[in-house]
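Asks: here you go, sequence then predicted model.
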Amino acid sequence: MSTKPSAQDGTDWAEHIGSRVVVRRRDASGLHDVLGELLAVTGQTLTVAGRHGPVDVPLSSIVAGKPVPPKASRPAPPHRALSVADLELAMAKHWQAAEQDWLGGWLLRATEGFTNRANSVLAVGEPGMQLDVAVVEVVDWYAERGLKPVAAAPEPRIDDGDTDQLLAATSAFEAEGWTQVPGSSTAVMTAATGEVRALAPRLGGRALPEGLTLTLTDEPDPAWISQYHYRGQAVPDHGVRLLTSAPRQVFASLRTDAGEVAAVVRGSLAESWAGLTAMEVAPSWRRRGLATILIGVIGDWGWEHGARSIFLQVAEDNVNALATYEKAGFTHHHRYSYLAP
């Protein structure tokens, strides 16, 4: 039985701490909505950062509530409206490191060295100290864990309010001799799930090739894991923990009747966004549209779970994957790379 604090509608609120939420509560004067970041869940009470300060909301008073996307930073469709920093923080909820710590507004992450995303500092806020001092703190934090320090360096957009902060953070690392990790340039692409889901077979998209069936599971089974490789290598146990680190995820695969796995992908849900990761098609099954089918499947899954926007991250030198995603309706949001001493 779950021990997480739950409202009358069954929502597990503890997993949404740090997310933007809307809560409808009932008191003696009627119904009232509270919108803001969920700061804490203590006993049977939520603390939400309301417009005029923290608001304590008893779970017993909640009529309805849910996480909502971060606040838009520009007039645009939802999947284009977030700032670089806000989207980076939202994406971090989809791939949560085994160990996470905050240095002011910087997110420190470590997972035994598996993937840069889970073993780097995401410096998209103010660290609460001089930037050169913060860089030293980052180095010390990773040294304590026997890891080489790495920093994610998102490239800002000119029209975002966080542009100066992102540039200053990158400059602080570079001033200490940090340079770009070779081959780490990554494109972040976004799309509307309502458009992407149209590629799903059940909604009239490309039909499944004869002999293949679609499988959806909440956790990756051994066959799914055996098909997915990170940089050509098998996934270690702590990698499996990362794959299941979002508030909700799904593992889709296309398999033959004999059990051969032709293609896999992971979908995730957090911050009212869907995420698409871990796409891999077996060499013998490539150029048959399987990637497009799975993109549609994850878009449909995200839509059915309330996400109206979807993101993915892809290496900028992966020309074939970029073309597939663009054809599926994804457009460039921003890029990032990694820095290391």
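Replies: Sure thing, it's come through. Numbering: from 1, shown residues only.
Asks: state the number of residues packed around the closest residue to residue 298 other than its chain neighbours.
Replies: Leaving aside its chain neighbours, residue 298 sits nearest to residue 267 (3.9 Å; criterion: C-beta to C-beta, 6 or more residues apart in numbering). To be clear about C-beta, it is placed using only N, CA and C from the backbone, and glycine gets the same treatment. Residue 267: 28 surrounding residues under other C-beta atoms under 10 Å.
Asks: same question for residue 214.
Replies: Other residues close to residue 214 by other C-beta under 10 Å number 16.
Asks: how far away is it from residue 222?
Replies: 18 Å (C-beta to C-beta, to the nearest Å).
Asks: swap in residue 29?
Replies: Residue 29 is 56 Å from residue 222, where distance means C-beta to C-beta.
Asks: just the buried positions in the longest strand belonging to the chain, please.
Replies: Secondary structure assigned by DSSP state E gives strand 30-42 as the longest strand of the chain. For strand 30-42, a neighbour-count test (16 or more other C-beta atoms under 10 Å) marks 34, 36, 37, 38, 39, 41 as buried.
Asks: would you turn these into CSV with pLDDT and distance to residue 336?
Replies: Listed next are these as CSV, based on pLDDT from 0 to 100; distance: C-beta to C-beta, whole Å:
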residue, pLDDT, distance to residue 336
34, 88, 33
36, 82, 27
37, 79, 24
38, 85, 26
39, 81, 28
41, 86, 31
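Asks: what's the closest of those residues to residue 165?
Replies: Nearest to residue 165, judged by C-beta to C-beta, of those is residue 37 at 18.3 Å.
Asks: and the closest one, how far from residue 135?
Replies: According to C-beta to C-beta, residue 37 and residue 135 sit 27 Å apart.
Asks: then residue 173?
Replies: With distances taken as C-beta to C-beta, residue 173 is found 6 Å from residue 135.
Asks: ok, residue 199 next?
Replies: Per C-beta to C-beta, residue 199 is found 43 Å from residue 135.
Asks: cool, residue 65 as well?
Replies: Relative to residue 135, and taking C-beta to C-beta, residue 65 is found at 39 Å.
Asks: what are the buried residues along stretch 181-200?
Replies: Residues 181, 184, 186-200 are the ones in stretch 181-200 that count as buried (16+ other C-beta under 10 Å).
Asks: give me the subset of these that lies in strands.
Replies: Under the assignment DSSP E, the buried residues of stretch 181-200 contribute 186, 187, 188, 189, 190, 191, 192 to strands.
Asks: now do the same contact list for the second one.
Replies: With contact taken as C-beta atoms under 8 Å, 6 or more residues apart in numbering, residue 187 is in contact with 313, 314, 315, 316, 322, 332, 335.
Asks: now which of those residues would you call buried?
Replies: Counted by 16+ other C-beta under 10 Å, these give 313, 314, 322, 335 as buried.
Asks: just the element for the second one, please.
Replies: Under the criterion of DSSP states H and E, residue 314 resides in strand 309-315.
Asks: chain center to whatever helix or strand comes next after that strand: distance?
Replies: Using DSSP H and E, the next helix or strand after strand 309-315 towards the C-terminus is helix 319-327. Centroid displacement of helix 319-327 relative to its chain, using C-alpha atoms, centre = their mean, to the nearest Å, is 20 Å.
Asks: ranges for the strands of the stretch 101-250 of the chain?
Replies: Per DSSP state E, counting those that start in this stretch, the stretch 101-250 of the chain carries strands over the ranges 106-110, 121-122, 151-154, 179-180, 186-192, 212-217, 248-256.
Asks: can you say which of the ones you listed is nearest to residue 59?
Replies: strand 248-256 (20.7 Å).
Asks: from the contact counts, what lies against the helix or strand just after that closest one?
Replies: Sequence-wise, the next helix or strand downstream of strand 248-256 (DSSP H and E) is strand 261-270. The helices and strands touching strand 261-270, judged by 3 or more C-beta pairs under 8 Å, 6 or more residues apart in numbering; DSSP states H and E, are helix 222-227, strand 248-256, strand 273-281, helix 290-304.
Asks: check which helices and strands the third one sits against.
Replies: In this case it means strand 273-281. Against strand 273-281 (3+ C-beta pairs under 8 Å, 6+ apart) you get helix 84-92, strand 261-270, helix 290-304, strand 309-315.
Asks: relative to residue 49, which of the ones you listed is closest?
Replies: Ranking these by proximity to residue 49 (C-beta to C-beta) places helix 84-92 first, at 15.0 Å.
Asks: now the closest one against strand 106-110, angle please.
Replies: Put simply, helix 84-92 runs at 30 degrees to strand 106-110, going by axes from the mean of the first three to the mean of the last three C-alpha atoms, to 10 degrees.
Asks: how far is helix 84-92 from where the chain is centred?
Replies: Centroid separation between helix 84-92 and its chain, computed with C-alpha atoms, centre = their mean, is 8 Å.
Asks: what packs against that helix?
Replies: Applying 3+ C-beta pairs under 8 Å, 6+ apart, one finds that helix 84-92 contacts strand 106-110, strand 121-122, strand 151-154, helix 163-175, strand 186-192, strand 273-281, strand 309-315, strand 331-340.
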